[in-house]
Structure formats: structure tokens, C-alpha cells
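Asks: predicted model follows, preceded by the sequence.
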Amino acid sequence: MRILLDESVPSPLRLLLPEHECISVQQRGWKGSKNGDLLRLAAAEFDLFLTSDQGILYQQNLASVRIAILQISTNDVGRIRTAAAALQSAVAATKPNQFQELVIP
């Protein structure tokens, strides 16, 4: 699966998903893109958009976006590492064009 990591997601997170191709917004050259534009760009090249932006569900019309979105509840690397299995399961359960939220304690 091709995964785009939002600017809000720490890049070491990609190491927790070694079976997937993870590319950051910064690596792709899309840093500073507005979420609506970013989601449209991502939909053309990626299967999943991974973000910790807690407002994305309310700020964007996700019905018109053609990419799966996984919103994680924190960008704290330590907490994400502790919940690596839950993150991997959430990514594996991703369905096209679906929004899902993963709460990380």
C-alpha cells in the first residue's frame, strides 16, 4: 500500500509500517499545501493519507475525496511506537475512500 504521511505525522512512523511504501508530504514536495489540495493530489498517487490533524473530518468535504484517510489521535512518537500493533491493524483494515480514526492512549 502507498501511504502519504501528513506534515503533522512524525516521519519515524514510517519505520512502524515496513511492509508499506510510506512517503511524507515533505519528501513528495507538497509541504505547505492546503488540506483540500493535498488530499486531491494524494488521491492520484496514494492509497492512504495518514494524519494527526484532528480537524480534518470537519474542515474538509471528505465525501468528494477519493483516498482512504486514517487519523491518529497524537503525533507523539513514543505513544505511537507503543501502539504500533494497533496502527498496523488499522492500516491493514483500511478500505478505499474510508475515513477512520485511531485513538492512541
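Replies: Cool, the structure landed.

Asks: following the chain onward from the helix or strand bottoming out on mean pLDDT in the chain, which element is next?
Replies: Least confident helix or strand of the chain, by mean pLDDT, DSSP states H and E, is helix 56-59 with a mean of 69. Sequence-wise, the next helix or strand downstream of helix 56-59 (DSSP states H and E) is strand 68-72.

Asks: and stretch 25-40, end to end?
Replies: 13 Å (Cα to Cα, to the nearest Å).

Asks: mind listing residues that contact it?
Replies: Residues outside stretch 25-40 that contact it (Cβ atoms under 8 Å, 6 or more residues apart in numbering): 4-7, 11, 41, 49, 53, 56, 59-61, 65, 67, 69. (Each C-beta comes from the backbone N, C-alpha and C, glycine too.)

Asks: among these, which ones are buried?
Replies: 4-7, 41, 49, 53, 56, 60, 65, 67, 69 (16 or more other Cβ atoms under 10 Å).

Asks: now the helices for the protein?
Replies: Ranges of helices in the chain, per DSSP state H, are 25-28, 35-45, 56-59, 77-82, 84-92.

Asks: what separates stretch 81-91 from the chain centre, distance-wise?
Replies: Here the centre of stretch 81-91 is set off from its chain's centre by 13 Å, with Cα atoms, centre = their mean, to the nearest Å.

Asks: identify the residues contacting it?
Replies: By Cβ under 8 Å, 6+ apart, stretch 81-91 touches 1, 3, 13, 16-17, 20, 48, 50, 70, 72, 80, 100, 102, 104-105.
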